[in-house]
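S.K.: Model the following, please.
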Amino acid sequence: MIFVRLLLYLFVALALAQPLAAQTSPPPAPRLGAAAADSGAVLVFNNWYLPSYQAGTAARADTTGALLSLFRKRRYAGFLYTIPFIVGVSLALPISSTDSQGRQQVASEAISPPLGSVILGATVVGFIVHANRFNKSHLITIDRAYAAGQPIPARYRRLLNDRHFAEAAVLRESIAQQRAREQVGAGPAR
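M.R.: As a prediction, the model looks like this:
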């Protein structure tokens, strides 16, 4: 029982702390005299920055935008770990129910504490691995290496697909429209 509560507290703490800790620092300032990979970056969401991109030829895809799309989708998919977590808690802890008269009744024992504990442990470990694989520092490292001419690591390149590039194009277009609106609104004062 204490083990299960400890796992519950650990999972909640990781769920709250890990994404916030990974997303709080702004991108480093570009060096003087050199065009850094994130110079011209724009804030997209939760302090995640989208590096600048100049559409040169049709063959050159917006890979940095597609990577941001991939990481964003995978980070949001981390919420799916709540499903096995709920199953593990319901197996490991006694279940309470309320009857029609409002009285709460607690079961004398859990359904299967050993199985529930295993599911809880596997869920916590899986969530930590998932959150670590798709954190902000990995994205920044990959973007900088890609801007320096190194290929994207195979484990991320394999996950990129047309949807990520399409979402990057939509994101770039919306940023361009926003900048155009800001320039029109900041026109010369009369």
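
S.K.: Give me the residue ranges of this protein where confidence is low.
M.R.: 1-61, 187-190 (pLDDT under 70).

S.K.: Show me where this protein has its strands.
M.R.: 42-45, 48-50, 96-98, 104-106 (DSSP state E).

S.K.: so what does the last one touch, helix or strand wise?
M.R.: Contact analysis of strand 104-106 by 3 or more Cβ pairs under 8 Å, 6 or more residues apart in numbering; DSSP states H and E lists strand 96-98 as its packing neighbours. Using the backbone N, CA and C atoms, a C-beta is placed for each residue, glycine as well.

S.K.: The third one now?
M.R.: Judged by 3+ Cβ pairs under 8 Å, 6+ apart, strand 96-98 is in contact with strand 104-106.

S.K.: what's in contact with the strand it packs on?
M.R.: Strand 104-106 is contacted from outside by 94-99, using Cβ atoms under 8 Å, 6 or more residues apart in numbering.

S.K.: And the residues you listed, which is closest to A131?
M.R.: Using Cβ to Cβ, I95 is the member of the contacts of strand 104-106 that lies nearest A131, at 28.8 Å.

S.K.: Touching, the closest one and A107? I think so.
M.R.: Yes - with contact defined as Cβ atoms under 8 Å, I95 counts as touching A107 (5.1 Å).

S.K.: Tell me who's in contact with L115.
M.R.: Counting by Cβ under 8 Å, 6+ apart, L115 touches 91-92.

S.K.: what is Q105 paired to in the beta sheet?
M.R.: S97 (DSSP bridges).

S.K.: which residue ranges form the helices in the protein?
M.R.: Per DSSP state H, the chain carries helices over the ranges 2-22, 63-77, 82-92, 113-133, 136-147, 154-157, 162-185.

S.K.: how far off helix 82-92 does the fourth one point, in degrees?
M.R.: Just to be clear, that refers to helix 113-133. With axes from the mean of the first three to the mean of the last three Cα atoms, to 10 degrees applied, the angle from helix 113-133 to helix 82-92 works out at 160 degrees.
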